[in-house]
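Engineer: Here is a sequence together with a model predicted from it:
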Amino acid sequence: MLATIKKISRHRLSWFLLLLSTLALLASGLYFQYGLNLQPCIKCIYIRAAFAGILVAALLGMLAPRQSVLRLLAIGLWITSAAIGFYHALALVNIEQTIAAGGFSSCALFAEFPSWLALDKWLPSVFEVTGSCGAVDWQFAGLSMAYWSMLVLAAFLLTASVVLIGQFGRISNNPYR
């Protein structure tokens with residue numbers, strides 16, 4: 001089974017599907033911001049940056065999926081981005097629940113990206129904070145956007161972990177197997 005997972009990760013199609021799904025999620029986030037006028041908070045921006053990290057990982061994996069070093073680097077970036085995004089989505093869900101219970105919670109008003117990755121300065125239309133945390137303006141099936149983001153990022157994290165474990169599988173060169 002591990003060998004099968006490793007074989008799948010060595011094909012561009014699997015990385016392209018990751019790229020396509022992440023691109024669709026980023027596009028839907030931008031539609032919510034510009035089409036439905038739902039302004040993103042700091043946590044939303046960090047979640048968006050995590051999805052962008054997964055997108056970069058997918059591009060890296062598509063570059064040369066048969067090269068072990070590049071593939072492992074892409075999987076590492078995928079896991080790291082999904083974990084950071086999951087952390088921020090979970091924090092946002094906790095803020096929403098605190099506010100819904102009548103409590104008070106706030107978050108930063110400006111993104112704190114490192115100087116070497118100033119996404120809010122390079123692409124302000126995508127990564128600039130324009131909203132405040134805790135407002136549940138949109139729901140689907142009774143769950144907020146933050147909750148859906150948390151679920152999607154958990155699925156990405158689980159999938160990336162399985163793909164990483166699959167890299168320990170040994171692909172047989174025996175044509176009779």
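Structural biologist: On my side now, so go ahead.

Engineer: For this protein, give me the ranges with low pLDDT.
Structural biologist: By pLDDT under 70, the low-scoring segments of the chain are 2, 169, 171-177.

Engineer: Show me where it has its helices.
Structural biologist: Per DSSP state H, the chain carries helices over the ranges 2-9, 12-30, 42-63, 68-100, 119-122, 124-127, 145-166.

Engineer: Can you tell me which residue is spatially central in this protein?
Structural biologist: By C-alpha atoms, centre = their mean, the mean C-alpha position of the chain lies nearest to Phe51, the distance being 3.2 Å.

Engineer: quick one: that one from Ser81, how far?
Structural biologist: Distance of Phe51 to Ser81, computed by C-beta to C-beta, to the nearest Å: 8 Å. Just so you know, the C-beta spots here come from the backbone N, C-alpha and C atoms, and that holds for glycine as well.

Engineer: Next: Ala141.
Structural biologist: 26 Å.

Engineer: Which one's more surrounded, the two?
Structural biologist: Ser81 (24 against 6; other C-beta atoms under 10 Å).

Engineer: Burial check on Ala135, number of neighbours?
Structural biologist: Look at Ala135: counted by other C-beta under 10 Å, it has 14 neighbours.

Engineer: next one: the one 5 residues further on
Structural biologist: Residues contacting Phe140 under the criterion other C-beta under 10 Å number 9.

Engineer: Tell me how many other residues crowd the residue lying closest to it once chain neighbours are set aside.
Structural biologist: Leaving aside its sequence neighbours, Phe140 sits nearest to Trp148 (C-beta to C-beta, 6 or more residues apart in numbering; 6.6 Å). Counted with other C-beta under 10 Å, the neighbours of Trp148 add up to 18.

Engineer: any idea how far Tyr87 is from Trp148?
Structural biologist: From Trp148 across to Tyr87, the span is 16 Å (C-beta to C-beta).

Engineer: What sits closest to Gly134 if chain neighbours are left out?
Structural biologist: Nearest non-adjacent residue to Gly134, counting by C-beta to C-beta, 6+ apart: Ile99, 4.2 Å away.

Engineer: pretty sure that neighbour contacts Ser106?
Structural biologist: No: using C-beta atoms under 8 Å, Ile99 makes no contact with Ser106, being 9.5 Å away.

Engineer: Residues in contact with both of those two, list them for me.
Structural biologist: Common contact partners of Ile99 and Ser106 (C-beta atoms under 8 Å, 6 or more residues apart in numbering): Gly134.

Engineer: For the two, indicate the residue with more neighbours.
Structural biologist: Each of Ile99 and Ser106 has its neighbours counted (other C-beta under 10 Å); Ile99 has more, 16 against 12.

Engineer: State the distance from that one to Cys107.
Structural biologist: Counting by C-beta to C-beta - Ile99 and Cys107 are separated by 11 Å.
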